[in-house]
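Colleague: I'd like to go over a predicted model; first the sequence, then the structure.
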There are 2 protein chains.
Amino acid sequence: MSKNILIVYAHPEPSSVTCQMVEAAADTLEDQGHHVMRSDLYGMKWKAVFDADDFPERANSERLSFVGESAHAYATGNQSSDVIAEQEKLKRADAVLLLFPLWWFGVPAILKGWIERVYAFGFGYGFKDGTNQHRYGEGLLKGKRALVCVMTGGPEADYGPRGINGPIEELLFPLTHGALFYPGMDVLPTHTVYGAAHFKTQMEVDQAKTVWCDRVNGLFTDTPIAYRRQNSGDYNGRQTLNAHLAPGQKGLSIHVAQ
Amino acid sequence: MSKNILIVYAHPEPSSVTCQMVEAAADTLEDQGHHVMRSDLYGMKWKAVFDADDFPERANSERLSFVGESAHAYATGNQSSDVIAEQEKLKRADAVLLLFPLWWFGVPAILKGWIERVYAFGFGYGFKDGTNQHRYGEGLLKGKRALVCVMTGGPEADYGPRGINGPIEELLFPLTHGALFYPGMDVLPTHTVYGAAHFKTQMEVDQAKTVWCDRVNGLFTDTPIAYRRQNSGDYNGRQTLNAHLAPGQKGLSIHVAQ
């Protein structure tokens, strides 16, 4: 069955590994009869900075509260047109792919600004009733799938379980758990292309594409990360993991059920 | 002895909790005879997006490589003037304070873009010989201190050791370990103002300021986070934590010596 897939990516160089992986994924999905939408953040000259210009009709013209103005703009239909367009793409999408180079152990600023601006109050958070009751596994984006493909400059060992940079899945936890699972998406394990800055030949890129396209083929069938749902009963007061789960442990990894 | 302190902050509203904390810190430091420099990223209309415009004189005009062009621009003195100004401030600083609201579990895009653009190859990474040999405890910014003050919307329990969002120090590990300790700074434990979005009275803000100013008073005397230095011998091949340290453990927390 034909699905809608949104690919959001952040690299301005068409021949970069990032952009080549975007093309490979789009080809793979279109060959299967799916419909691919793109958000080429550099190409679109995406406005990265979330600021007062995002709120042309202010609820409070005296003091800028981002949460308050975001809620007001979303509820009253006074968002900027670029934000509305991205929200519509997200709503249409059955799956979202995010591709970017890892810069200083996180997403590039332009992609961070996409999340900040598109995830309005009422859309990305404060879903349904303006509280935190419907998050982490529930939200407007529930039922959609998400898959991250990240290019690193450094080698795999640096990002291993005991690697000096920290494990890649923990460095990206604010994205996968915090920005994708939070509004309800099922998030697949991150696909990492290590050492992409040091590829010397097109053959190396092509090999990386092949491995990546295998992951793209599993977009609707692979098992998502078993992040614990807020309303599953695992959390005391929807805040703290119950003591009998991952007993004695702490840190990011306890939010993945074993 | 009078010191130079750089305060980098990211909120456009002068009456925001972030900006009030900036003023409180600046007053505290100036009262002690220190010299305070400010980088008001919103006020400066800081260019958040790292792109081809950062490299007016390209080493390779055909294909944009950020690492290659950054190295070339830094080495040949062809950086943009805003980037040079921030690098000079950083070099002059004995300590750096970063203040921002936590947006989607990380720094606002405008601050992420400050790191991406200011941390040129040769300045923020690739120090000395263009390799990774002088990082995590060594680098151009060695000997300086860093202190992060983050405002969250949500309550402390959500960010606790077993809190649903993940512990605040692990969410910010890409900043504290990855962007501050990496080029050599001694990083103090993060100061978090929880629930800042829900402060109802100026008294609540003032109480938070008092607690924060106590931390500012310890800027040059408090004990930094005991991040392990890459070249301390703790890491095998400068990549993987040796097996006898934090034995059997993995994840971000093993990079802090107990």
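Modeller: It's in.
Colleague: Do I have it right that residue A:256 meets residue A:223?
Modeller: No - look at residue A:256 against residue A:223 with C-beta atoms under 8 Å: they stay out of range, at 12.0 Å. The C-beta positions use only the backbone N, C-alpha and C, and glycine is treated the same way.
Colleague: Neighbour count for these two, which is higher?
Modeller: With neighbours defined as other C-beta atoms under 10 Å in any protein chain shown, residue A:256 and residue A:223 compare such that residue A:256 has more, 14 against 9.
Colleague: Read off the pLDDT value for the more buried one.
Modeller: The per-residue pLDDT reported for residue A:256 equals 98.
Colleague: Grab the nearest non-local neighbour of it.
Modeller: Leaving aside its chain neighbours, residue A:256 sits nearest to residue A:226 (5.5 Å; criterion: C-beta to C-beta, 6 or more residues apart in numbering or on different chains).
Colleague: looking at it, that neighbour is touching residue A:253, isn't it?
Modeller: No - contact criterion C-beta under 8 Å: residue A:226 and residue A:253 do not qualify, at 11.3 Å.
Colleague: Show me which of those two is the more surrounded one.
Modeller: Ranked by neighbour count (other C-beta under 10 Å), residue A:226 and residue A:253 place residue A:253 first, with 20 against 11.
Colleague: Grab the nearest non-local neighbour of that one.
Modeller: residue B:251 (5.8 Å).
Colleague: Also residue A:9?
Modeller: Nearest residue to residue A:9 in three dimensions, chain neighbours excluded: residue A:99, at 4.2 Å (C-beta to C-beta, 6+ apart).
Colleague: how about the one you found, secondary structure?
Modeller: strand (DSSP: H, G, I helix; E, B strand; the rest coil).
Colleague: Help me confirm that it comes into contact with residue A:16.
Modeller: No - taking C-beta under 8 Å as the definition, residue A:99 is not a contact partner of residue A:16, at 9.9 Å.
Colleague: If you count surrounding residues, which of those two has more?
Modeller: Legend: neighbour count by other C-beta under 10 Å for residue A:99 and residue A:16, higher for residue A:99 (26 against 22).
Colleague: Enumerate every residue touching the more buried one.
Modeller: Counting by C-beta atoms under 8 Å, 6 or more residues apart in numbering or on different chains, residue A:99 touches A:7-11, A:18, A:21-22, A:25, A:148-151.
Colleague: Return the subset of those lying in strands.
Modeller: Among the contacts of residue A:99, the members found in strands (DSSP state E) are A:7, A:8, A:9, A:148, A:149, A:150, A:151.
Colleague: Tell me the bridge partners for the fifth one.
Modeller: Taking DSSP bridges as the rule, residue A:149 bridges to residue A:99, residue A:191.
Colleague: Checking my notes, residue A:243 in a helix, right?
Modeller: No - Residue A:243: not assigned to a helix; according to three-state DSSP it is coil.
Colleague: What is the burial count for it?
Modeller: With other C-beta under 10 Å as criterion, residue A:243 counts 10.
Colleague: Start from the N-terminal end of the stretch 1-150 of chain A and give the helices.
Modeller: A:17-31, A:66-76, A:81-92, A:109-118 (DSSP state H, counting those that start in this stretch).
Colleague: Would you tell me which of those helices gets closest to chain B?
Modeller: Chain B sits nearest to helix A:109-118 of all these, at 3.5 Å, using C-beta to the nearest C-beta.
Colleague: That closest one to helix A:81-92, inter-axis angle?
Modeller: Calculated by axes from the mean of the first three to the mean of the last three C-alpha atoms, to 10 degrees, helix A:109-118 forms an angle of 80 degrees with helix A:81-92.
Colleague: hey, C-alpha coordinates of helix A:109-118 in CSV?
Modeller: C-alpha atoms of helix A:109-118 as CSV (Å, rounded to 0.1, in the frame of the first residue of the first chain):
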residue,chain,number,x,y,z
ALA,A,109,21.1,24.4,14.3
ILE,A,110,18.9,24.6,11.2
LEU,A,111,17.3,21.2,12.1
LYS,A,112,17.0,22.2,15.7
GLY,A,113,15.2,25.3,14.6
TRP,A,114,12.8,23.3,12.5
ILE,A,115,11.8,21.3,15.6
GLU,A,116,11.5,24.4,17.7
ARG,A,117,9.3,26.3,15.2
VAL,A,118,7.2,23.5,13.8
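Colleague: residues making contact with it?
Modeller: Residues contacting helix A:109-118 (C-beta under 8 Å, 6+ apart): A:8, A:10, A:39, A:41-42, A:46-50, A:54, A:82-83, A:86-87, A:90, A:98, A:100, A:103, A:106-107, A:124, A:179, B:48-50, B:103-104, B:106-110, B:112-113, B:116.
Colleague: what mean pLDDT does it have?
Modeller: For helix A:109-118, the per-residue pLDDT averages 98.
Colleague: for that helix, the distance to its chain's centre please.
Modeller: 10 Å (C-alpha atoms, centre = their mean, to the nearest Å).
Colleague: what angle sits between that helix and helix A:66-76?
Modeller: Here helix A:109-118 points in a direction 60 degrees away from that of helix A:66-76 (the same axes, to 10 degrees).
Colleague: could you dump the ones in strands among the contacts of residue A:99 to a markdown table with pLDDT?
Modeller: Supplementary listing: the ones in strands among the contacts of residue A:99 in a markdown table, determined by pLDDT from 0 to 100:
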| residue | pLDDT |
| --- | --- |
| A:7 | 99 |
| A:8 | 99 |
| A:9 | 99 |
| A:148 | 99 |
| A:149 | 98 |
| A:150 | 98 |
| A:151 | 98 |
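Colleague: Pipe the residues you listed into JSON lines and attach neighbour count and distance to residue B:72 per row.
Modeller: Output for the ones in strands among the contacts of residue A:99, formatted as JSON lines (neighbours: other C-beta atoms under 10 Å in any protein chain shown; distance: C-beta to C-beta, whole Å):
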{"residue": "A:7", "neighbour count": "24", "distance to residue B:72": "31"}
{"residue": "A:8", "neighbour count": "24", "distance to residue B:72": "29"}
{"residue": "A:9", "neighbour count": "25", "distance to residue B:72": "25"}
{"residue": "A:148", "neighbour count": "22", "distance to residue B:72": "30"}
{"residue": "A:149", "neighbour count": "24", "distance to residue B:72": "28"}
{"residue": "A:150", "neighbour count": "24", "distance to residue B:72": "25"}
{"residue": "A:151", "neighbour count": "24", "distance to residue B:72": "21"}
